[in-house]
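Asks: Here's my sequence, what's the structure:
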Amino acid sequence: MIPRIKICCISSIEEARTAINAGASAIGLVGPMPSGPGVISDELIFQIAKTVPPPIGTFLLTSETSVNDIIKHHQRTQTNTIQLVDTLKHGSYHELRNAIPGIKLVQVIHVIDDTSVEEAIEISKYADAILLDSGNPNLPVKELGGTGRTHNWKLSRKIRDSINIPVFLAGGLRLENIKQAIQEVQPFGIDLCTGVRTNGHLDRGKLDSFVREVLK
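Replies: Alright, predicted model coming up:
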């Protein structure tokens, strides 16, 4: 199966169009984060999201950890998907679904060790998809994405084989390693930010080369 492609860290309507025209099935729009690239204002996220045609996914990356704050963040941005980059600490997935029905929930698991596998299995009961990334929420300044690092793909494959919902693979994906990543993990989708950028800007040449490699 050819994986879906999600391009994250979209920073303008033009970048969104570039990603979609190159073959992206989804784009990522980054809200406030403790660290990492791609952060834009909620107003700009709203402006970009409303220009994106269906059935393209518009993912709001939120670092909020309470249901009430996540709901407010969604109301300001109006994307069709919420990507939870941190652990839900206040409230439940059930409450979140009741408050914003029809909005897909994608939970990020930062793959660190075997406990990440256990976490993914448990959360897969509640989320619509799992996204496996290479951050570290245990650091004094949390890393919640955009690190440009790969992680242990054997753990990612173990997660993929252990759950029954779609798995997106993120973390340090680039032209040179994407075929190996796909072969090892067999994800439903792949997600990248820094791997198709030059000086922080989406690079159509790099993006086209990356998509060709995925489609081979």
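Asks: where do the helices sit along the chain?
Replies: 13-22, 42-49, 67-77, 93-99, 114-123, 153-162, 178-185, 204-215 (DSSP state H).
Asks: Need the nearest residue in space to residue 131, chain neighbours excluded.
Replies: Among residues not flanking residue 131 along the chain, residue 168 sits closest, at 4.2 Å (C-beta to C-beta, 6 or more residues apart in numbering). For glycine as for every other residue, the C-beta is placed from the backbone atoms N, C-alpha and C.
Asks: measure that neighbour to residue 65 for me?
Replies: 20 Å (C-beta to C-beta, to the nearest Å).
Asks: of those two, who's got more company?
Replies: Neighbour count, other C-beta atoms under 10 Å: between residue 168 and residue 65, residue 168 has more, with 24 against 16.
Asks: In this model residue 128 seems to touch the more buried one, though I could be wrong.
Replies: No - if you go by C-beta atoms under 8 Å, residue 168 and residue 128 don't touch, sitting 11.0 Å apart.
Asks: Residues that sit against both of the two, list them.
Replies: Taking C-beta atoms under 8 Å, 6 or more residues apart in numbering as the contact rule, residue 168 and residue 128 both touch residue 106.
Asks: can I get the helices of the chain in a markdown table with mean pLDDT and mean neighbour count?
Replies: As requested, the helices of the chain are exported to a markdown table (pLDDT from 0 to 100; neighbours: other C-beta atoms under 10 Å):
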| stretch | mean pLDDT | mean neighbour count |
| --- | --- | --- |
| helix 13-22 | 97 | 18 |
| helix 42-49 | 98 | 18 |
| helix 67-77 | 98 | 18 |
| helix 93-99 | 96 | 15 |
| helix 114-123 | 96 | 16 |
| helix 153-162 | 97 | 18 |
| helix 178-185 | 97 | 17 |
| helix 204-215 | 95 | 16 |
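Asks: Compare these and give me the one nearest residue 59.
Replies: Minimum separation from residue 59 across the helices of the chain (C-beta to C-beta) falls at helix 42-49, 9.5 Å.
Asks: Dump the closest one to PDB, keeping only the CA atoms.
Replies: Extracted in PDB, the C-alpha atoms of helix 42-49 (Å, rounded to 0.1, in the frame of the first residue of the first chain):
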ATOM      1  CA  ASP A  42      -4.600  30.700  15.200                       C
ATOM      2  CA  GLU A  43      -6.000  33.300  12.900                       C
ATOM      3  CA  LEU A  44      -3.700  32.200  10.100                       C
ATOM      4  CA  ILE A  45      -4.500  28.600  10.700                       C
ATOM      5  CA  PHE A  46      -8.200  29.500  10.300                       C
ATOM      6  CA  GLN A  47      -7.500  31.400   7.100                       C
ATOM      7  CA  ILE A  48      -5.500  28.500   5.600                       C
ATOM      8  CA  ALA A  49      -7.900  25.800   6.600                       C
END
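Asks: Mind giving me the packing neighbours of that helix?
Replies: helix 13-22, strand 26-30, strand 57-62, helix 67-77 (3 or more C-beta pairs under 8 Å, 6 or more residues apart in numbering; DSSP states H and E).
Asks: Identify whichever of these lies nearest to residue 93.
Replies: helix 67-77 (8.6 Å).
Asks: Name the surrounding residues that touch that closest one.
Replies: Under C-beta under 8 Å, 6+ apart, the answer for helix 67-77 is 29, 31, 42-43, 45-46, 49, 60, 62, 64, 82, 84, 88, 90-92, 95-96, 99-100, 103.
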